[in-house]
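1. give the three-dimensional model of this entry:
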Amino acid sequence: MLSEHYFGDLESFDEAHNHYEFFRNTFVAPSSMSIDSLRNDRKFIIVGRKGVGKTATQMYLAREMEEKGYFTHIFRFMYDLRSDDYSEISKSQSDISYSDAANSKNLFLHYDFRDVWERVFFRRIGEKLRNEGHTNSFVDLVAPTGSKFKNIFDGISKSLSIKISVPMGPALVSAGLDLECDATNDTIPLKTFNRISRELFQRECTPYQMYFFIDELVFSRLDAKDDEVTLRAAMVRDILRCAWELNSFCVQNDLKFHFVCSIRPEIRSLIGDYDSEAGKFLDGKDVELDYN
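-> Residues are numbered from 1 along each chain as shown. Below is the predicted model:
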């Protein structure tokens, strides 16, 4: 009986985690791309229509790189972002004048979530290193011991400041920076926190190599209002911008960290329609996923 046989999960992420040998033995690698084409100094975006195998390809490439000694992490936008996070992230853009951004395109251009995503990605990197038994000033700052990441915007205030849960002195000395935190509540601007994180990342993480995959950059236009679609599209755009900037930072500082995103062609087109400057980080940075 066919019903007695296992033909794989509908969700390739689950199959790769729960039935890896089956996944590995049955997965057919696409001819259109390889890990050599997805590097921080070349291309970093996998583009493919729904169901073509973007997640499966990333899972396959992740295991391939783990066997070569790389750390890997897969951040899943659609699943890691909870519904209540949308209300939280909108608070971080409280300086937007909605009267000046009356239409969706103007609102889209006013949003800027790059600092939020950079903090999220550094947090995930720090957690991965700590889980693998490595610690340093960078890890202690971005992923302090005992701290749980409740949600993506945990600890970020409406003013885009962040509460520091570890003494800043050692980190600032290590980073060669002179900075005074708010003595009342130990907060600093998120942009400053990221600047310190980058400096420590550069100094402390040269011994490591990692592929950071960002998957499920999708959202539905059917069950959301126009302003929420605009918000989600802006978040995806800024994930791509953040990955582009971090890849460039790693190339410039000889860091073996690679940030790879996957996206559907219609979402890439939507971002291009909303933002004429998007070509700077989209054009020539993508690999089409197909099996021809």
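2. element containing residue 236, please.
-> helix 226-252 (DSSP states H and E).
3. the very next helix or strand once past that helix: which residues count as buried?
-> Per DSSP H and E, the first helix or strand lying C-terminal to helix 226-252 is strand 256-263. Using 16 or more other C-beta atoms under 10 Å as the test for burial, strand 256-263 gives 257-263. For every residue, glycine as well, the C-beta is placed using N, CA and C.
4. please apply the same query to stretch 272-292.
-> So, applying 16+ other C-beta under 10 Å, buried residues of stretch 272-292: 274-275, 278, 281-282, 285-287, 289.
5. tell me which of those is nearest to residue 58?
-> residue 289 (10.0 Å; C-beta to C-beta).
6. and that closest one, how far from residue 39?
-> Relative to residue 39, residue 289 is positioned 16 Å away (C-beta to C-beta, to the nearest Å).
7. ok, now residue 113?
-> Counting by C-beta to C-beta, the gap from residue 113 to residue 39 is 25 Å.
8. so for those two, which sits in the more crowded spot?
-> Taking neighbours as other C-beta atoms under 10 Å, residue 113 and residue 39 compare with residue 113 leading, 21 against 16.
9. tell me the pLDDT of the more buried one.
-> Note on residue 113: pLDDT of 87.
10. for it, grab phi and psi.
-> Backbone geometry at residue 113, expressed as degrees, to the nearest 10, gives phi -110, psi 10.
11. that one - nearest residue in space that isn't next to it in sequence?
-> residue 238 (4.1 Å; C-beta to C-beta, 6 or more residues apart in numbering).
12. which residues touch the one you found?
-> Neighbour list for residue 238: 111-114, 116-117 [criterion: C-beta atoms under 8 Å, 6 or more residues apart in numbering].
13. just the buried ones from these, in PyMOL syntax?
-> A single PyMOL command selects the buried members of the contacts of residue 238 (16+ other C-beta under 10 Å):
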select buried, resi 111+113+114+116+117
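14. just the contacts of residue 238 now: which is nearest residue 76?
-> Of the contacts of residue 238, the one sitting nearest to residue 76 (C-beta to C-beta) turns out to be residue 117, at 13.8 Å.
15. wait, a helix at the closest one?
-> Yes. Assessed with DSSP: H, G, I helix; E, B strand; the rest coil, residue 117 lies in a helix.
16. that one and residue 237 touch, don't they?
-> No. Counting by C-beta atoms under 8 Å, residue 117 does not reach residue 237; the two are 10.4 Å apart.
17. pull the number of nearby residues for residue 252.
-> 11.
18. now swap in residue 77 and tell me
-> By the criterion of other C-beta under 10 Å, residue 77 has 21 neighbours.
19. who touches it in this structure?
-> 214-218, 235-236, 239 are the contacts of residue 77 under C-beta under 8 Å, 6+ apart.
20. go again with 7 Å.
-> 214, 216-217, 239 (C-beta atoms under 7 Å, 6 or more residues apart in numbering).
21. same check, this time on residue 132
-> Contact analysis of residue 132 by C-beta under 7 Å, 6+ apart lists residue 71.
22. the one 10 residues further on now?
-> By C-beta under 7 Å, 6+ apart, the residues touching residue 142 are 122-123, 126, 197.
23. C-alpha coordinates for stretch 60-74, PDB please?
-> C-alpha atoms of stretch 60-74 as PDB (Å, rounded to 0.1, in the frame of the first residue of the first chain):
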ATOM      1  CA  TYR A  60      21.200  21.100   2.100                       C
ATOM      2  CA  LEU A  61      23.800  23.800   1.800                       C
ATOM      3  CA  ALA A  62      23.900  24.300   5.600                       C
ATOM      4  CA  ARG A  63      24.700  20.700   6.200                       C
ATOM      5  CA  GLU A  64      27.300  20.800   3.400                       C
ATOM      6  CA  MET A  65      29.000  23.700   5.100                       C
ATOM      7  CA  GLU A  66      28.800  22.100   8.600                       C
ATOM      8  CA  GLU A  67      30.800  19.200   7.200                       C
ATOM      9  CA  LYS A  68      33.400  21.700   6.100                       C
ATOM     10  CA  GLY A  69      33.700  23.100   9.600                       C
ATOM     11  CA  TYR A  70      31.400  26.100   9.400                       C
ATOM     12  CA  PHE A  71      28.800  27.100  12.000                       C
ATOM     13  CA  THR A  72      25.400  27.600  10.400                       C
ATOM     14  CA  HIS A  73      22.100  29.100  11.500                       C
ATOM     15  CA  ILE A  74      18.700  29.400   9.700                       C
END
